[in-house]
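In: Structure of the sequence below:
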Amino acid sequence: MENLDETQFEDKVNTHLSTKTKMNLEKSSGWMKTIAILGIVVSSLGLLGGIFVLFMTPMIGILYLAIYGVFIYISLILLRAATNLENTQFNMESFAENHYKFWKTMVLYMIFAIGISFIAGIIMVSSGASLMRGLDF
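Out: Have a look, this model is predicted:
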């Protein structure tokens, strides 16, 4: 097995991408940008809502700000990945790095969200059970 330095490896990777693959990646960049921009706009509105909620219920307001802040970060990563696939600057290395960051952040966020949902469900069930004990039927 021969040792390849980075330039030889990059040349081999770039030659293995067919024109159809490049064309499909370029087409998908438009959809990625659309999703990223919608994510930024909606998350920005959520941040504004979180600021208003912060004054009424500080704990929930902080949660809103954190959730929508993460969504803005995820949308920015997706936007960076999409710009790396444009026809003028087809940069697979940067795209792959941003693609990895996007999915890593999404998975960590989903694990966190499932954990918080599980904890909130346990709290709600236990508080509901304690309410039921106080009722006389």
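In: Any stretches of this protein with poor pLDDT?
Out: 1-15, 87-88, 129-137 (pLDDT under 70).
In: Remind me which helix or strand Glu97 belongs to.
Out: helix 92-134 (DSSP states H and E).
In: packing partners for that helix?
Out: Using 3 or more Cβ pairs under 8 Å, 6 or more residues apart in numbering; DSSP states H and E, the elements in contact with helix 92-134 are helix 6-16, helix 58-83. Every C-beta, even on glycine, is put in place using the N, C-alpha and C of the backbone.
In: want to throw those helices into a markdown table with mean neighbour count and distance to Ile116?
Out: Below are these laid out as a markdown table (neighbours: other Cβ atoms under 10 Å; distance: least, Cβ to Cβ, whole Å):
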| stretch | mean neighbour count | distance to Ile116 |
| --- | --- | --- |
| helix 6-16 | 10 | 40 |
| helix 58-83 | 17 | 9 |
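In: can you redo those as JSON lines with distance to Phe112?
Out: Below are these laid out as JSON lines (distance: least, Cβ to Cβ, whole Å):
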{"stretch": "helix 6-16", "distance to Phe112": "34"}
{"stretch": "helix 58-83", "distance to Phe112": "9"}
